[in-house]
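Chemist: here is a sequence with its predicted model. Questions after.
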Amino acid sequence: MARYTGPSSKIARKFGEPIFGPDKYLEKRNYPPGEHGLASKRKKTRDYGVQLKEKQKVKYMYGLLERQFRNTYDKASRMSGQKGENLIFLLESRLDNIVYRMGIAPTRAAARQLVNHAHITLNGKVCHIPSAQVKPGDTVAVRERSKSLEVIADSVAAGKKVSWIEFDPQTLCGKYLNIPARTDIPENINEQLIVDLYSK
């Protein structure tokens, strides 16, 4: 199986930051996993290694495989504007990410599962494609028969909000208002490193 299904804390420790959300294990052991984890912190990484690590971090963060990520980058490079910012905006406009940003799911992986299992509607129609691109003005909602799911209720109760999405916790329906400004996206991503990597 190509998709990583192991402990998320292990990946977070690899990159040295909580890319999947708050992580108590990362706080206790803020060094890479493995026998030589502490020793590897002293090694100097070349430019290519830094760029590759940034790309891998973003892939894990948004839950994409290599081919998906490359195709998304190619699409971003054909758009007008800066390639790096276009890439981030395309990733942020994925249906699974919109579900996560609305607070319907606690993580992007959980959001992906909700979409895969047909619990989510896009503009009133059931959509089970996590990579579906959501456009400004589109509405995303929880399917009527899925509104009683415990994972959704617990996540909505946590009250996560972002400025570019309007969400009603009563009806479990939200609207993608606009493409977010780059400064509004809270994740620690240096997209220029990814552009430099693919430009070689």
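Modeler: Arrived safely, thanks for sending.
Chemist: run through this structure and note the low-pLDDT ranges.
Modeler: Within the chain, the stretches with pLDDT under 70 are 1-2, 16, 21-43.
Chemist: same thing but 90
Modeler: When residues are selected by pLDDT under 90, those of the chain lie in 1-47, 49, 81, 157-163, 181, 186-188, 200.
Chemist: tell me which residue is most central in the chain.
Modeler: Tyr62 (3.0 Å; C-alpha atoms, centre = their mean).
Chemist: what sits against it?
Modeler: By C-beta atoms under 8 Å, 6 or more residues apart in numbering, Tyr62 lies in contact with Leu91, Arg94, Asn97, Arg108. Placement of C-beta: from N, CA and C, glycine included.
Chemist: return the distance of it relative to Ser148.
Modeler: Distance of Tyr62 to Ser148, given as C-beta to C-beta, to the nearest Å: 28 Å.
Chemist: hey, which helix is longest across the protein?
Modeler: helix 47-62 (DSSP state H).
Chemist: just give me the neighbour total for Asn178.
Modeler: 10 (other C-beta atoms under 10 Å).
Chemist: so that it lines up with my notes, have the first residue be 648 from now on.
Modeler: Got it, the first residue is 648 from now on, which makes the last one we talked about Asn825.
Chemist: thought it was touching Pro783?
Modeler: Yes: using C-beta atoms under 8 Å, Asn825 is in contact with Pro783, at 5.0 Å.
Chemist: what ranges does the chain have for its helices?
Modeler: 655-662, 671-675, 684-687, 694-709, 713-725, 730-739, 742-749, 755-763, 797-804, 838-845.
Chemist: which one of these is the most hemmed in?
Modeler: Among the helices of the chain, helix 742-749 has the highest mean neighbour count (mean count of other C-beta atoms under 10 Å), at a mean of 25.
Chemist: now do that helix and helix 730-739, the angle between them.
Modeler: Orientation check (axes from the mean of the first three to the mean of the last three C-alpha atoms, to 10 degrees): helix 742-749 against helix 730-739 gives 80 degrees.
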